[in-house]
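In: pasting the sequence and the predicted model now:
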Amino acid sequence: MKKIKKWATLLLAGVLAVCCAGCSGGNATSTQGESLKVVSTIFPGYDWLKNLMEGSGNTPTLMMKNGVDMHSFQPTAADIVSLSDADLFLYVGGTSDQWVEDALANAQNENMVAVDMMDVLDGRLLTETLVEGMQEEHDHDGEDHEGGYDEHVWLSIQNAEMVCAALCDALCEIDKDNANLYQSNLEAYTASLEQLDNDIAQTIQDAPLDTLLFGDRFPFTYMMADYDLKYYAAFPGCSAETEASFATISFLAGKLDELSLPAVLTIDGSDQSIARTIVENSNSKSAAILTLNSMQSVTDEDIESGVSYLSIMEENRAVLEQALS
Ligand SMILES: [Zn+2]
């Protein structure tokens, strides 16, 4: 909420600076009768907004469609216009979103409320850490990849609850007439999130194992922290590395055997080649290869067929159950 307030203050200062004495149309009042432009950069935020706005007559827009990679996203002119006109703009706020700050500074809509997920989650942010056996990313571009906060904040359901509460405040601010609706939608949606969070915690508590092995990149820092799970992985975060070294493969194959794990995990959008190589190099040839969905490759088709944040997390619960038994 700090960011929202800071942004509103900046806007107010800007409006005051350029407005003549007779200017009175700049107040952020309700936009009753007009359609609200609500934009989320990524799928999870889009789906949260869809739930919060249900029954309001307005629907949110998703910017990064069809599984476009957040980490290498290049906005088109149409994307910049979409941001510029938005009444509410939701983004992650990590290193991949550096383009957003420039675009927001030049936005046309003076009354826009911008919600930065990582700002809302200030105090809960975690860094990408290298666990034993993880292959460090080679430095292709001279930038320092170490020590940054993990951007995949939506993979904690508790984070989702906090961002939804901030989004409800933002919606109420831009559309006061529907405030009661947004509040009751938030209550119902938060209850669903809490139920699923409890279900996953119970699944993990009941499971005989407590360690996961990813033959892949690893965007699940927040989920593992929520449920106190141990993990091994080939690469940290959404590293651009795709070639695992012999040392990485043999370390993970050894762990698969040592811990008698039933599965090697991959993430959505993976070609699973590293996971297959790990299984081939282990004595656990019957290990399954399962996908834990990080929601970074959701397609329009998926959305049309009803895939949601909750449905993906429920599938993830079932995958965790299988991978830990
Ligand atoms: Zn990622």
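Out: Great, that's in hand. Please read all numbers here as calculations on a predicted model, not as lab measurements. Residues are numbered from 1 along each chain as shown.
In: what's the burial count for the closest residue to the ion within the chain?
Out: Closest residue of the chain to the ion, Cβ to the ion: Cys238 (3.0 Å). Placement of C-beta: from N, CA and C, glycine included. For Cys238, the neighbour count with other Cβ atoms under 10 Å is 22.
In: now stretch 317-325: buried residues?
Out: Arg317, Val319, Leu320, Ala323, Leu324 (16 or more other Cβ atoms under 10 Å).
In: does the fourth one really touch Leu256, like I thought?
Out: No: with contact taken as Cβ atoms under 8 Å, Ala323 and Leu256 are classed as non-touching, separated by 11.5 Å.
In: specify the beta-bridge partners of Thr291.
Out: Bridge pairing for Thr291 (DSSP bridges) gives the partners Thr266.
In: my guess is it contacts Ser270, does it?
Out: Yes: assessed by Cβ under 8 Å, Thr291 is found in contact with Ser270 at 7.2 Å.
In: any low-confidence regions in the chain?
Out: 1-33, 137-147 (pLDDT under 70).
In: which residues in it form strands?
Out: 38-40, 61-62, 88-91, 113-116, 211-214, 230-233, 263-267, 288-292 (DSSP state E).
In: make a markdown table out of these and add distance to Tyr309.
Out: Listed next are those as a markdown table, based on distance: least, Cβ to Cβ, whole Å:
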| stretch | distance to Tyr309 |
| --- | --- |
| strand 38-40 | 11 |
| strand 61-62 | 12 |
| strand 88-91 | 13 |
| strand 113-116 | 16 |
| strand 211-214 | 21 |
| strand 230-233 | 22 |
| strand 263-267 | 16 |
| strand 288-292 | 14 |
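In: most tightly surrounded among those strands?
Out: strand 88-91 (a mean of 27; mean count of other Cβ atoms under 10 Å).
In: close to the ion: what parts of the stretch 151-300 of the chain are there?
Out: Pro219, Cys238 (Cβ under 5 Å from the ion).
In: what residues go with each domain of the chain?
Out: What automatic domain parsing lists as the domains of the chain is 2-17+35-135+150-193, 208-323.
In: in contact with Glu315, which residues?
Out: Asn293 (Cβ atoms under 8 Å, 6 or more residues apart in numbering).
In: sorry, back to before: inside helices: which ones of the buried residues of stretch 317-325?
Out: Arg317, Val319, Leu320, Ala323 (DSSP state H).
In: out of those, which comes closest to Ile204?
Out: Leu320 (6.4 Å; Cβ to Cβ).
In: tell me the contacts of the residue lying closest to that closest one once chain neighbours are set aside?
Out: Leaving aside its sequence neighbours, Leu320 sits nearest to Thr203 (Cβ to Cβ, 6 or more residues apart in numbering; 6.0 Å). The contact partners of Thr203, by Cβ under 8 Å, 6+ apart, come to Arg317, Leu320, Glu321, Leu324.
In: what are the phi and psi values for the closest residue to Val279 other than its chain neighbours?
Out: With Cβ to Cβ, 6+ apart as the criterion, Val279 has its nearest non-adjacent residue at 5.0 Å, and that residue is Ala287. Torsion angles at Ala287 (phi, psi; degrees, to the nearest 10) stand at phi -60, psi 140.
In: so Ala287 makes contact with Ala253?
Out: No: assessed by Cβ under 8 Å, Ala287 is found out of contact with Ala253, at 9.7 Å.
In: what is in contact with those two at once?
Out: Joint contacts of Ala287 and Ala253 (Cβ under 8 Å, 6+ apart) are Val279.
In: quick one, helices of the stretch 1-150 of the chain?
Out: For the stretch 1-150 of the chain, the helices defined by DSSP state H, counting those that start in this stretch occupy 2-18, 43-52, 77-85, 98-105, 117-120.
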